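S.K.: structure here, sequence nowhere to be found:
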C-alpha cells in the first residue's frame, strides 16, 4: 500500500522477515533477484535511493560492484554476515552501519542461520549541504493527536 500527499509519501514494505518476498529485476540477471526492493519510485525520492534487503542463510551476492557517483550506507537490522570492501572482510550484525565510497569494490554474504536483513541508502557523494541539525526549523503550532 502506498500513500502520497503534497509533503510526504508512505510505503508499507511489510515485516523484516517478509522482505524476502520482494524482488528486483536487473538486465544483468536471467531472473528476478529475491529479497531486494528499491523504494525510490514508491516514495518519489529525489535525493537518494533506498533498498530493503533480505538475504537468506548461506546466500551471497555473486559479484563485486561499485558506483560512479553514489556512496552507500548499509544499516544492518538483523542476522549475521560479512561485507567485503576492497578485499577487506568486515563482520556485520544487527546494529552495524557501513559506509562505502563510490569507488569501493563491494560484496556481501550471509554467514548466519537466519536472514541477513538490511537497508541500503545511496546518495551522491559530497552532496550533503550541511552536517548538523541547523537545516531543521521549529514551526509554530501545538501538536494535536486525534
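M.R.: Good, I have the coordinates. Treat the numbers as computed from the prediction; the structure is a model and nothing was measured.
S.K.: just the strands in the chain please.
M.R.: 2-4, 9-11, 23-24, 33-34, 36-38, 49-55, 70-78, 80-85, 88-93, 97-100, 106-110, 116-124 (DSSP state E).
S.K.: so what strands line up beside the fifth one?
M.R.: Each strand pairing with strand 36-38, determined using DSSP bridges, is listed with its direction: strand 49-55 (antiparallel).
S.K.: buried ones in the strand it pairs with?
M.R.: Within strand 49-55, the residues scored as buried using 16 or more other CB atoms under 10 Å are 50, 51, 52, 53, 54, 55. All C-beta spots, glycine's among them, are computed from the backbone N, C-alpha and C.
S.K.: quick check: beta-bridge partners of the third one?
M.R.: Residues found in beta-bridge contact with residue 52 (criterion: DSSP bridges) are residue 37, residue 119.
S.K.: gap between it and residue 36?
M.R.: The spacing between residue 52 and residue 36, counted by CB to CB, to the nearest Å, is 7 Å.
S.K.: just for the chain, where's the confidence low?
M.R.: Of all residues in the chain, those with pLDDT under 70 make up the ranges 1-2, 130-131.
S.K.: the closest residue in space to residue 16 that isn't next to it in sequence: how many residues sit nearby?
M.R.: Using CB to CB, 6 or more residues apart in numbering and skipping residues adjacent in sequence, the residue nearest residue 16 is residue 117, 4.7 Å away. Neighbour count of residue 117, defined by other CB atoms under 10 Å: 23.
S.K.: could I get the strands of the chain as a markdown table with distance to residue 138?
M.R.: Output for the strands of the chain, formatted as a markdown table (distance: least, CB to CB, whole Å):
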| stretch | distance to residue 138 |
| --- | --- |
| strand 2-4 | 26 |
| strand 9-11 | 23 |
| strand 23-24 | 39 |
| strand 33-34 | 43 |
| strand 36-38 | 33 |
| strand 49-55 | 27 |
| strand 70-78 | 27 |
| strand 80-85 | 38 |
| strand 88-93 | 37 |
| strand 97-100 | 28 |
| strand 106-110 | 39 |
| strand 116-124 | 26 |
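S.K.: which residue is the nearest non-sequential neighbour of residue 98?
M.R.: Sequence neighbours aside, residue 74 is the residue nearest to residue 98 in space, at 4.5 Å (criterion: CB to CB, 6+ apart).
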